[in-house]
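> could you work out the structure for the sequence below:
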Amino acid sequence: MNIKNIILETLNAEVVPAIGCTEPVAVALACAKARELISDDSIEKLDIIVGPNIYKNGLSVGIPNCEEVGLVSAGAIGACGGDSSKDLKVLETVSDAQRDEAKKLIALNKVTIDIKDTSEKIYIEANIKGKHNKANVIIMKKHNNFVFIKKNDEIILETKTEESNHSKIERNPLFDMSIRDIIKEVEELKLNDIKFMLDGVNMNEHIANIGLTKKTGMGVGFGIKKSVEDNYLKNDLMTDAMMLTAGASDARMSGMVIPVMSSNGSGNNGLTAILPIVAYKNMFEVSDENLAKAVAISHLMNSYIKHFIGRLSALCACGVAAGTGSGVAIAWLMGCTYDQIDMVIDNVLANTSGMICDGAKEGCALKLSSSASVAVQSALLAKNSLFAPSYNGIVGETCEESIRNLGTLAKEAFETADKVILKVMKSMEDRNSNKELSL
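Down below sits the predicted model:
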């Protein structure tokens, strides 16, 4: 088993550019593929079926190249103007005419959304009917993983979709290793092996700076920046990490057509995994090689933890997974020992393990700023050998046990929480829809 190759395969598979929130974008991707199959047929009907987690994460978030929010809009604009060859950048180029076509489809009630009763964290099905052709497309396991494609009666693609069938990354042998052993392997990599990690640094710092120039989304990053300018906050590492990460999320969640480097299927995870490290490199001298290694460590930590809690969860992965990754990476850049790096993980999990995910939305910038703050705080505490002790809540004897305990929490306790969160969100959506109908 060549661990170096597995690390590089994992990073190449899990660190990819995306435009817009990955859940509605994945819906757009499925719908774009379905529309391409029926060629130039006009759309008579577009039925979208998604798993509960996809529904929750796509309910209130802005859509790239679209003024509206939500999965109906994402599906419609994907079908009318998406390009599936662009993968998770499917909505990069959409014309005004295509936007108008999507709005017309929705106005004529030709687009429906339904929730599938499934334990699959990622499930998206697009059924499209044209005048002469029809198509059925299913995405599962990963946001861009097509498992079924059918045009009329011809099955073009069909792979096993049983819930027990895990993807290659989910069976990754890295997740049976200790954290320190993975870090030791990354330390042996050459810059040329992982230079592409720096693309994510540039990409995510770019959108962060855009989010700080004016109020976008909720304006969390912009507000923190204003507080620094007004001398309410100091321009230190923690504040900078919060400001950059929140600013990027503000811009992204508002639907700006700007690519971000995602991590393990999530753009916000990518922002949280990278931007606190960017804050560190902006204040302290870091070589390109060490910066690339730190970012690689962060992405691998994010994937490691999400292996145990699931790609989508009722837990906020930015808080418990990506935040842990950036905290570990910062501690590594500060020269912490492996024991101290283990402390970072326990510190983060002792802090953010109860942070819920109630869908992708503008307010995610608040959680990302908190996650960035905890990442820096946890690294600074660990640098001084200050840490949450074993048996402190879910903190185990080792950081790996803490992560496994978090996984148990996510899969046994938070599965119920996920249903309740979805019930509350669906109730509010139905109430809002009734209000709009009565106007």
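> remind me, longest helix of this structure?
Longest helix in the chain by number of residues (criterion: DSSP state H): helix 414-438.
> neighbouring contacts of that one?
Outside helix 414-438, the residues within contact range by C-beta atoms under 8 Å, 6 or more residues apart in numbering are 52-53, 55-56, 59, 313-315, 356-359. Backbone N, C-alpha and C define where each C-beta goes, glycine included.
> if we use 7 Å, what do you get?
52, 55-56, 59, 313-315, 356, 358-359 (C-beta atoms under 7 Å, 6 or more residues apart in numbering).
> which among these gets closest to residue 93?
Minimum distance to residue 93 across these is 25.5 Å, recorded for residue 59 (C-beta to C-beta).
> against residue 244, how distant is the closest residue to residue 331 other than its chain neighbours?
Computed as C-beta to C-beta, 6 or more residues apart in numbering, the closest residue to residue 331 that is not its neighbour in sequence is residue 379, at 4.1 Å. Remark: distance between residue 379 and residue 244 (C-beta to C-beta, to the nearest Å) = 16 Å.
> swap in residue 309?
For residue 309, the distance to residue 244 - C-beta to C-beta - is 25 Å.
> of these two, which one has the most company?
Here residue 309 and residue 244 are compared on neighbour count by other C-beta atoms under 10 Å; more neighbours surround residue 244, at 31 against 23.
> in terms of helices and strands, where is that one?
Secondary structure from DSSP states H and E places residue 244 in helix 237-253.
> after that helix, next one along is what?
In the C-terminal direction from helix 237-253 (assignment by DSSP H and E), the next one is strand 259-261.
> ok, then the element right after that following strand?
With DSSP H and E, the next secondary element past strand 259-261 is helix 267-283.
> mind giving me the domain ranges of this protein?
Taking automatic domain parsing as the reference, the chain has its domains at 20-158, 173-424.
> where among the ones you listed is average confidence lowest?
Mean pLDDT per stretch puts domain 20-158 lowest among the domains of the chain, at a mean of 92.
> that older thread, any idea how far the longest helix of the chain is from the middle of the chain?
Here the centre of helix 414-438 is set off from its chain's centre by 22 Å, with C-alpha atoms, centre = their mean, to the nearest Å.
> dump the residue contacts of residue 56.
Contact partners of residue 56, counting by C-beta under 7 Å, 6+ apart, are 359, 421-422, 425.
> repeat the analysis, applying 8 Å as the threshold.
Residues counted as contacts of residue 56 (C-beta under 8 Å, 6+ apart) are 357-359, 418, 421-422, 425.
> cool, residue 338 as well?
180, 183.
> distance check, it against residue 58.
40 Å.
> quick one: contacts of stretch 72-82?
Outside stretch 72-82, the residues that reach it (C-beta under 8 Å, 6+ apart) are 24-25, 27-32, 34-35, 43, 46, 48, 58, 63, 65-66, 90-91, 93-95, 98-99, 101-103, 105-106, 111-113, 126, 128.
> if we use 7 Å, what do you get?
Surrounding stretch 72-82, the residues in contact under the criterion C-beta under 7 Å, 6+ apart are 24, 27-29, 31-32, 34-35, 43, 46, 48, 58, 63, 65-66, 90-91, 94-95, 98-99, 101-102, 105-106, 111, 113, 126, 128.
> ok, back up a step: what is the nearest of the contacts of residue 56 to residue 200?
Out of these, the member with the shortest distance to residue 200 (by C-beta to C-beta) is residue 357, at 22.2 Å.
> from residue 341, how far out is the closest one?
Residue 357 sits 26 Å away from residue 341, going by C-beta to C-beta.
> residue contacts, residue 21?
The contact partners of residue 21, by C-beta under 7 Å, 6+ apart, come to 61, 253, 267, 360.
> next, find the distance separating the second one from residue 48.
Plainly put, residue 253 is 21 Å away from residue 48 if you go by C-beta to C-beta.
> okay, residue 201 and residue 263: tell me how far apart.
12 Å.
> more neighbours: which of the two?
Between residue 201 and residue 263, residue 263 has the larger neighbour count (other C-beta under 10 Å), namely 34 against 20.
> please enumerate the helices of the stretch 101-250 of the chain.
Under the criterion DSSP state H, counting those that start in this stretch, the stretch 101-250 of the chain contains helices at 179-187, 191-194, 197-213, 220-229, 237-253.
> could you pull out the buried residues of the second one?
Read that as helix 191-194. Residues of helix 191-194 classed as buried by neighbour count (16 or more other C-beta atoms under 10 Å): 193-194.
> got the CA positions of that helix in CSV?
These are the backbone C-alpha positions of helix 191-194, laid out as CSV (Å, rounded to 0.1, in the frame of the first residue of the first chain):
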residue,chain,number,x,y,z
LEU,A,191,6.0,20.8,-3.4
ASN,A,192,5.5,19.6,-6.9
ASP,A,193,3.3,16.8,-5.6
ILE,A,194,0.9,19.1,-3.9
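> what's the spacing between it and its chain's center?
Remark: helix 191-194 is offset 24 Å from the chain centroid, using C-alpha atoms, centre = their mean.
> just the last one next, same as before
Once both centres are worked out by C-alpha atoms, centre = their mean, helix 237-253 turns out to sit 15 Å from its chain's centre.
> any idea how far residue 363 is from residue 370?
Residue 363 is 11 Å from residue 370, by C-beta to C-beta.
> more neighbours, those two?
Higher neighbour count among residue 363 and residue 370: residue 370, with 22 against 16, using other C-beta under 10 Å.
> got the angle between the helix or strand hosting that one and helix 220-229?
When secondary structure is defined using DSSP H and E, the element that contains residue 370 is helix 364-383. Counting by axes from the mean of the first three to the mean of the last three C-alpha atoms, to 10 degrees, helix 364-383 points 60 degrees away from the direction of helix 220-229.
> after helix 364-383 comes which helix or strand?
Of the helices and strands lying after helix 364-383 in sequence (DSSP H and E), the nearest is helix 399-408.
> hey, C-alpha coordinates of that following helix in CSV?
Once non-C-alpha atoms are left out, helix 399-408 reads as follows in CSV (Å, rounded to 0.1, in the frame of the first residue of the first chain):
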residue,chain,number,x,y,z
CYS,A,399,-7.9,12.1,19.4
GLU,A,400,-8.9,9.2,17.1
GLU,A,401,-11.3,7.9,19.8
SER,A,402,-12.7,11.5,20.1
ILE,A,403,-13.4,11.5,16.4
ARG,A,404,-15.1,8.1,16.6
ASN,A,405,-17.2,9.3,19.5
LEU,A,406,-18.2,12.2,17.4
GLY,A,407,-19.2,9.8,14.6
THR,A,408,-21.4,7.9,17.1
